[in-house]
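Visitor: What shape does this take:
(chains A and B)
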Amino acid sequence: MPAVLDFEKPLIELESKIAELTSFSEEKGLDLSDEIDNLKRRADELKSSIFANLTPWQQVQLARHPDRPNTEDYVRMLFEDFLELHGDRCYSDDPAIYGGIGLFQGTSVTVIGHLKGRDTKENVSRNFGMAHPEGFRKALRLMEQAEKFRRPVISFLDTPGAHCGIGAEERGQSQAIAQNLLRMSVLRIPIIVIVIGEGGSGGALALGVGNRTLMLEHAIFSVITPEGCASILWKDAARAREAAEALKLTAQDLLSLRIVDEVVPEPLGGAHRDPYAAADLLRKSLARNLESLKDVPPEELVQRRYAKYRNIGSVGG
Amino acid sequence: MIVFKKPKYVTVPQEDKKEMPEGLWSKCPKCGLIIYKKDMAKNLHVCIKCGYHFRIGVEERLQFTLDEGSFVECDAELVADNPLGFPNYPEKLAEVRQTTGLSEAVVTGEGSILGYRTVVGIMDSRFIMASMGAAVGEKVARAVERACERQLPLILFIASGGARMQEGMVALMQMAKTAVVLKHINAAGLLYVTVLTDPTTAGVSASFAMLGDIIIAEPGALIGFTGPRVIEQTIKQKLPEGFQTAEFLQQHGMIDLVVPRCKMRETLARILMLHQGREHSAGSP
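Guide: Numbers count the residues shown, from 1 in each chain, chains lettered A, B, ... in the order given. The predicted structure is shown next:
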């Protein structure tokens, strides 16, 4: 049973009615095509109107949708001959971080990303995509390996945040994130960051220092969860909707704030309703962005990446 | 017949209670000692009995660390905007500016410690828990650049609750900004020392704070990525005694030294000396 968001309900109901009618007409050999076409038109209209007016809170729900394609799904759809690599060479292999080497349209690339599970069981084993220090260190190891072999890095962001717990603190969660930020900035290879779902704070940013930052239309990227923001600022987690608005965490908002470079469109209704169409749209954007960085000399890649982050933040005074 | 009788007490009219003038005394949150504030200031705001380090502001830190009159502030004009149009943020800023007399959560500039010139930055937790927005990120970045320009070491006294929520992703990106800018100081071969004070958490601990060549912390300072309250709520168990303290971090190999406030000045001077040689000191200590 796929998860259904409240605002998707009327659409899903209409669609199941269409499916019912279609199977009924086939079964009984009746021609109901007029009615069915009519309902389909209504469903399309409904879909357009729902998705044209999404509130930030609805975007948050979409970004967290359990059926939304995760990093592994995109890797399967976008890369050939992908080989997963494991471990940080210091402590362990963090299942919340996924990484390896694959071919993108014939070119070798290193892929890293947070990996949420598809169901509860998988989520538990992957810790909901929340990385420990060893996860960030694994990602860094793979990125530095990519630099050695001059492979571009494609980094998928999809995490509620860095893991919070005793072991993570003991092994230096802050240190691991800080190291990634600094060391990603000096890698002499193209880095393309793609926010595919939930971009949760420092844990997301730890894989997020790139030449180009792409963001899927219904992804979010935020300094704190709306729930966390509401409970800290207003002592009331129930005001998360308000916080979602105030935090300016949608792809469109972040494009205007020039935090992200490009918004990648999703099929109408969201990536979870048509993962292959979503992957096709992402493929186009990724190909274009990789192409644009292909012939940039390494020093300039580093310089441009540096300038991008050095210049974020408008300050009065 | 009355068997039980309520005892009657004599009520003695009390003399006017001698009001204790407010603000003269402090209570140590660790050992409960009541300390006369003047005595505490004399002891660098450290509890006389148990050594608890109270949080201190920019002014005290300057006074305890830098050579008198040596500090010159830079970039004081850099103050927060409201990049997201976050509700009530400008009002909050105005209020904090008034109560603290500070314009932002960090003060940066140049000065000397026992004669050794250095660029220095000091964060002040009274200013929205020294959270990092665009202005704080920019001031830190400029302090790094100034150190490179002037070929001086950089010492940052850190205290922070993390990225400033009211500036959203602009604030989060200051983590990247303050981290990437440090490549210059590394390339220039200049010394970067961070002193972690209570509290150093979240976005600030996970960026420029943890990237010092030498990382020092004040005794007992809370240092971590996630705050202890959130961890306790998440894992639903009590955290062990001393978790996320400076001493805990040192045990786990995350920081170099735990230095009490009374030794901070000479420790920093010694580190500066070890990186420059004695002849670089302008005035001999």
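
Visitor: Break down chain B into its strands, ranges please.
Guide: B:25-27, B:34-36, B:72-74, B:106-113, B:116-123, B:154-160, B:192-201, B:214-217, B:223-224, B:257-258 (DSSP state E).

Visitor: Can you say which of the ones you listed is nearest to chain A?
Guide: Nearest of those to chain A, taken as CB to the nearest CB: strand B:223-224 at 5.2 Å. (C-beta placed from N, C-alpha, C; glycine too.)

Visitor: How about residues contacting the closest one?
Guide: Counting by CB atoms under 8 Å, 6 or more residues apart in numbering or on different chains, strand B:223-224 makes contact with A:169, A:173-174, B:196, B:199-201, B:205, B:217, B:244-246, B:249, B:254-255, all of which sit outside it.

Visitor: go with 6 Å
Guide: Residues outside strand B:223-224 that contact it (CB atoms under 6 Å, 6 or more residues apart in numbering or on different chains): A:169, B:196, B:200-201, B:244, B:249.

Visitor: Domains of the chain: list them as residue ranges, please.
Guide: If you meant another chain, say so; for now it's chain A. A:9-53, A:59-310 (automatic domain parsing).

Visitor: hmm, I had chain B in mind actually
Guide: Taken from automatic domain parsing, chain B resolves into B:23-54, B:55-276.

Visitor: quick one, which of these is packed in tightest?
Guide: Using mean count of other CB atoms under 10 Å in any protein chain shown, the stretch among the domains of chain B with the largest mean neighbour count is domain B:55-276, at a mean of 21.

Visitor: start to end distance for that one?
Guide: 31 Å (CA to CA, to the nearest Å).

Visitor: So, low pLDDT: which residues of chain A?
Guide: The model of chain A has pLDDT under 70 over residues A:1-2, A:314-317.

Visitor: try 50
Guide: Low-confidence segments of chain A (pLDDT under 50): A:317.

Visitor: can you map out the helices along it?
Guide: Ranges of helices in chain A, per DSSP state H, are A:9-28, A:33-52, A:56-63, A:71-78, A:120-125, A:133-148, A:166-170, A:173-184, A:201-205, A:226-233, A:240-246, A:251-256, A:275-294, A:298-310.

Visitor: Of those, which is nearest chain B?
Guide: helix A:173-184 (3.6 Å).

Visitor: Contacts for the closest one, please.
Guide: A:133, A:136-137, A:140, A:162, A:202, A:206, A:209, B:176, B:179, B:182, B:205-207, B:210-211, B:225, B:254.

Visitor: How about the contacts made by residue 248?
Guide: Let's take chain A. With CB under 6 Å, 6+ apart, residue A:248 has these contacts: B:84, B:168.

Visitor: let's do chain B instead
Guide: Neighbouring residues of residue B:248 by CB under 6 Å, 6+ apart: residue B:242.

Visitor: how much space is there between it and residue A:269?
Guide: Distance, residue B:248 to residue A:269, using CB to CB, to the nearest Å: 49 Å.

Visitor: what stretches of chain B score poorly on pLDDT?
Guide: B:284-285.

Visitor: All the helices of the stretch 101-250 of chain B, in order from the start?
Guide: Assigned by DSSP state H, counting those that start in this stretch, the helices in the stretch 101-250 of chain B fall at B:134-150, B:168-180, B:182-187, B:202-205, B:228-235, B:246-251.

Visitor: Tabulate those in JSON lines, adding columns for distance to residue A:89.
Guide: Below are these laid out as JSON lines (distance: least, CB to CB, whole Å):
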{"stretch": "helix B:134-150", "distance to residue A:89": "30"}
{"stretch": "helix B:168-180", "distance to residue A:89": "22"}
{"stretch": "helix B:182-187", "distance to residue A:89": "23"}
{"stretch": "helix B:202-205", "distance to residue A:89": "24"}
{"stretch": "helix B:228-235", "distance to residue A:89": "27"}
{"stretch": "helix B:246-251", "distance to residue A:89": "23"}
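
Visitor: Go through these and name the closest to residue A:150.
Guide: helix B:182-187 (20.1 Å; CB to CB).

Visitor: which helices and strands sit right next to that closest one?
Guide: Helices and strands touching helix B:182-187, by 3 or more CB pairs under 6 Å, 6 or more residues apart in numbering or on different chains; DSSP states H and E: there are none.

Visitor: Distance from the chain centre to it, please.
Guide: Distance of helix B:182-187 from the chain centroid (CA atoms, centre = their mean, to the nearest Å) equals 24 Å.

Visitor: just stretch A:211-220 next, same as before
Guide: 7 Å.

Visitor: and for that stretch, what are the contacting residues?
Guide: By CB under 6 Å, 6+ apart, the list of residues contacting stretch A:211-220 reads A:59-60, A:62-63, A:190-197, A:249, A:251, A:260-266, A:270, A:285, A:289, A:293, A:305.

Visitor: and stretch A:105-115, how far out from the chain's middle?
Guide: With CA atoms, centre = their mean as the basis, the mean position of stretch A:105-115 lies at 14 Å from the chain mean.

Visitor: Could you pull out the buried residues of that stretch?
Guide: Within stretch A:105-115, the residues that qualify as buried are A:109-115, counting by 16 or more other CB atoms under 10 Å in any protein chain shown.

Visitor: Quick check: residue B:52 touching residue B:32?
Guide: No - using CB atoms under 6 Å, residue B:52 makes no contact with residue B:32, being 10.2 Å away.

Visitor: which bits of chain A sit near chain B?
Guide: A:164-165, A:169-170, A:172-175, A:177-178, A:181-182, A:185-186, A:202, A:209, A:221, A:223-224, A:229, A:246-248, A:254, A:259, A:306, A:309-310, A:312-317 (CB under 6 Å from any CB of the partner chain).

Visitor: about what we covered before: buried subset of the contacts of stretch A:211-220, written for ChimeraX?
Guide: To isolate the buried ones among the contacts of stretch A:211-220 in ChimeraX, judged by 16+ other CB under 10 Å, type:
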select /A:59,60,62,63,190,191,192,193,194,195,196,197,249,251,260,261,263,264,266,270,285,289,293,305
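
Visitor: Could you give the residue of the stretch 1-150 of chain B that lies closest to chain A?
Guide: Closest point on the stretch 1-150 of chain B to chain A, by CB to the nearest CB, is residue B:134, at 3.2 Å.

Visitor: returning to what we had before: so for residue B:107, which of the helices of the stretch 101-250 of chain B sits nearest?
Guide: With CB to CB as the criterion, residue B:107 lies closest to helix B:134-150 of these, at 8.2 Å.
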